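Engineer: can't give you the sequence, but here's the structure:
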Ligand SMILES: [Fe+2]
């Protein structure tokens, strides 16, 4: 393929409908399309070029394995063409602020996407890494960066890890496949790889579909290696492989190289890598009709199966050797590759294309089992598996009469109309595979047990395992100083940052609610090696943040308690937040401050100490709270202990007293107070005369 030839093709293929791809596929293969989700049929409300246009901000970040994943790692991402200095920064994973220890320049591929804009994809391979070590990296152009992402290099030799398998995503990727990708991620968030068995998208050059595919995987693609195989839809409508493929996936160039045409045809889509005791081989099953290319790939496959130092072998490609979907038969693939899988006893063959699930083995591998094993549950030899991640489904053949049974194989489990993913846990002597649906039900499981002498038994399981190596973080230990990530550039080992713990003081230990002059808080930051570390202080009262980002000037930062801090007892702390490197945050010991209620005062006017018995007096009751508007609360007026009026008052209220019999009386006025203001009372002696 050349960019020139591509430019003659229409750039304005609209977001291809499920129906277009589905019908083309089903007509070609004679398979029945039973259901396709409709979410992709209607044009999106927003123009796809608005949704998917690239920015200077990196997107579509994806890790891909190198041929030496213990000491190197490839990463790719996308931007607009405004980015001309793409680079990756790398450092050892620490607990705080990342300090890049090396910067690696990336190479770029630019092409015009089908939505009418140009895109630029960048790739870099980080080399000289330390095995089994967690690194942080970010991608960008020196000014605009991605977030810091994390990857762990492979350990040397055999070591437990998990990986994920995804069948065809292909259609309605954002709508439906997001769920599959995320469920798998949720189950094994620290998986080291995710296999995609082809048909990641429906239309080879659809930038919107690739955008949806990356969106569905989100940032998980930036934290685990994507091992993808090219399906027929990566060549649909073709004839070349999707322009995106080579631009966005940096795969080892260790595929077939019989001629320059073969080299180019299979570049970055037929490859292998050895990861912690597993040889992953990605094949391209699209060329049985090209005798030269097919023979070259088959010969290459035999070579990488024969000269294989890894304990386990997992092969992925698109068109299955045994079809699950009705009317399908990939005889050429089966004739060429099945004998090799069997001869070299490949452990797992992960395939797609059928939009259904199937798992089984050759019937011949069900005899001669070790004592105690039964053919009903167990077999020797390779496991062939077909799965689907997306929402398009095909009709499957009956259990007893299908492409498997007609070709000497036993389809142990099959399932239609279900979005699935597989979790694979590799431990010392076992490769355990579970197939799950997107609603959290395990639909199939098996364990491939392999002894030190190479004897192997595959056994169907019915109980899911609670976890696998990829369920939890492997542990970011303090790694030893790694070799230079870039030749000649030695990474800097992060120093142990100095913790800066301020001392907090309060000007008083008590504050009244509403106080005009609230209590002042001071945090003192002591100098380190002669100077005060740069940073700010966050003050808290309990968990409540009082002030944040308060600058430290001459070693102190000050703030005040809020005037209207509710009454209660508070543990006041100051936390130092460094702005420079070399320091880490520290929080002071707590100082207790009590906030008490505001004081209220009740006064009355209109009530002299001597009144006439026949007169009715009207009192003006006033409530005063210093520094605050008196909050509304109940005022109760009593004469000689008997309630004569109850009113809500905020400030002043008038209360008419009853006639007072001749004699001495006591008038009391009670202000009930609130949560923030104390109650108060006024008592007045009154003499009533005839
Ligand atoms: Fe397919």
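Structural biologist: Received, thanks. Since this is a predicted model, take the numbers as computed values, not measurements.
Engineer: Check the chain for the residue nearest the ion and tell me.
Structural biologist: Closest approach between the chain and the ion, counting by CB to the ion: residue 353, at 3.8 Å. Using the backbone N, CA and C atoms, a C-beta is placed for each residue, glycine as well.
Engineer: Need the three-state assignment for that residue.
Structural biologist: What DSSP: H, G, I helix; E, B strand; the rest coil gives for residue 353 is coil.
Engineer: Excluding its own residues, what touches the helix or strand hosting residue 182? List them.
Structural biologist: Following DSSP states H and E, one finds residue 182 within helix 178-187. For helix 178-187, the surrounding residues in contact (CB atoms under 8 Å, 6 or more residues apart in numbering) are 164, 166, 169, 191, 194, 215-218, 220, 389-390, 419-423, 436, 438, 440, 471.
Engineer: is it true that residue 368 touches residue 380?
Structural biologist: Yes: between residue 368 and residue 380 there is a contact under CB atoms under 8 Å: 7.3 Å.
Engineer: Just want to know which of these two has more residues nearby.
Structural biologist: Taking other CB atoms under 10 Å, residue 368 and residue 380 do not tie; residue 380 has more neighbours (20 against 9).
Engineer: Nearest residue to residue 569 in space, please, no chain neighbours.
Structural biologist: Distances taken as CB to CB, 6 or more residues apart in numbering put residue 594 closest to residue 569, at 5.2 Å, once the chain neighbours are dropped.
Engineer: er, residue 443 I mean
Structural biologist: residue 435 (5.1 Å).
Engineer: any idea where the strands of the stretch 251-400 of the chain begin and end?
Structural biologist: 271-275, 278-282, 312-316, 348-351, 357-362, 378-379, 383-386, 393-394 (DSSP state E, counting those that start in this stretch).
Engineer: CSV for these, including mean neighbour count?
Structural biologist: Shown next, in CSV, are these (neighbours: other CB atoms under 10 Å):
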stretch, mean neighbour count
strand 271-275, 24
strand 278-282, 24
strand 312-316, 25
strand 348-351, 28
strand 357-362, 25
strand 378-379, 23
strand 383-386, 27
strand 393-394, 24
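Engineer: export these to JSON lines and tack on distance to the ion?
Structural biologist: Formatted as JSON lines, the strands of the stretch 251-400 of the chain follow (distance: least, CB to the ion, whole Å):
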{"stretch": "strand 271-275", "distance to the ion": "20"}
{"stretch": "strand 278-282", "distance to the ion": "15"}
{"stretch": "strand 312-316", "distance to the ion": "13"}
{"stretch": "strand 348-351", "distance to the ion": "10"}
{"stretch": "strand 357-362", "distance to the ion": "15"}
{"stretch": "strand 378-379", "distance to the ion": "27"}
{"stretch": "strand 383-386", "distance to the ion": "11"}
{"stretch": "strand 393-394", "distance to the ion": "10"}
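Engineer: So for residue 503, which of those strands sits nearest?
Structural biologist: strand 271-275 (51.2 Å; CB to CB).
Engineer: Let's test this: mean pLDDT of that closest one, rounded?
Structural biologist: The average pLDDT for strand 271-275 rounds to 98.
Engineer: and that strand with strand 278-282, angle?
Structural biologist: 160 degrees (axes from the mean of the first three to the mean of the last three CA atoms, to 10 degrees).
Engineer: Where does pLDDT dip in this protein?
Structural biologist: Applying pLDDT under 70 to the chain flags the ranges 1-44, 474-496.
Engineer: same thing but 50
Structural biologist: The chain contains residues with pLDDT under 50 at 1-32, 34-36, 38-39, 476-484, 493.
Engineer: residues in contact with the longest helix along it?
Structural biologist: When the chain is parsed with DSSP state H, its longest helix is helix 291-306. With contact meaning CB under 8 Å, 6+ apart, helix 291-306 is reached by 255-256, 258-259, 261-262, 265-266, 270, 272, 279, 281, 283-284, 287-288, 313, 332, 336-337, 340-341, 343-344, 346.
Engineer: Recalculate using a threshold of 6 Å.
Structural biologist: 256, 258, 262, 265, 270, 272, 281, 287-288, 336, 340, 344 (CB atoms under 6 Å, 6 or more residues apart in numbering).
Engineer: among the residues you listed, which two are most distant?
Structural biologist: Farthest pair in those (CB to CB) is 265 and 344. Separation: 23.8 Å.
Engineer: more neighbours, these two?
Structural biologist: Using other CB under 10 Å, the more surrounded residue of residue 265 and residue 344 is residue 265, with 24 against 16.
Engineer: For that one, give me its contacts.
Structural biologist: Neighbours of residue 265 in contact, by CB under 6 Å, 6+ apart: residue 293.
Engineer: Would you mind measuring from it to residue 292?
Structural biologist: 10 Å (CB to CB, to the nearest Å).
Engineer: so is residue 208 in a helix, a strand, or just coil?
Structural biologist: Following three-state DSSP, the label given to residue 208 is helix.
Engineer: and it, how many neighbours does it have?
Structural biologist: Quick note: residue 208 (other CB under 10 Å) scores 25 neighbours.
Engineer: Show me what from the protein comes close to the ion.
Structural biologist: 199, 231-232, 353 (CB under 5 Å from the ion).
Engineer: Now with 6 Å, please.
Structural biologist: 168, 199, 231-233, 318, 353 (CB under 6 Å from the ion).
Engineer: Inside strands: which ones of those residues?
Structural biologist: With strands defined by DSSP state E, no entry of those lies inside them.
Engineer: Tell me the one of these nearest residue 206?
Structural biologist: Using CB to CB, the residues of the chain next to the ion come closest to residue 206 at residue 233, 9.8 Å.
Engineer: what's near enough to touch the closest one?
Structural biologist: Contacts for residue 233 (CB under 6 Å, 6+ apart) come out as 170, 199, 202.
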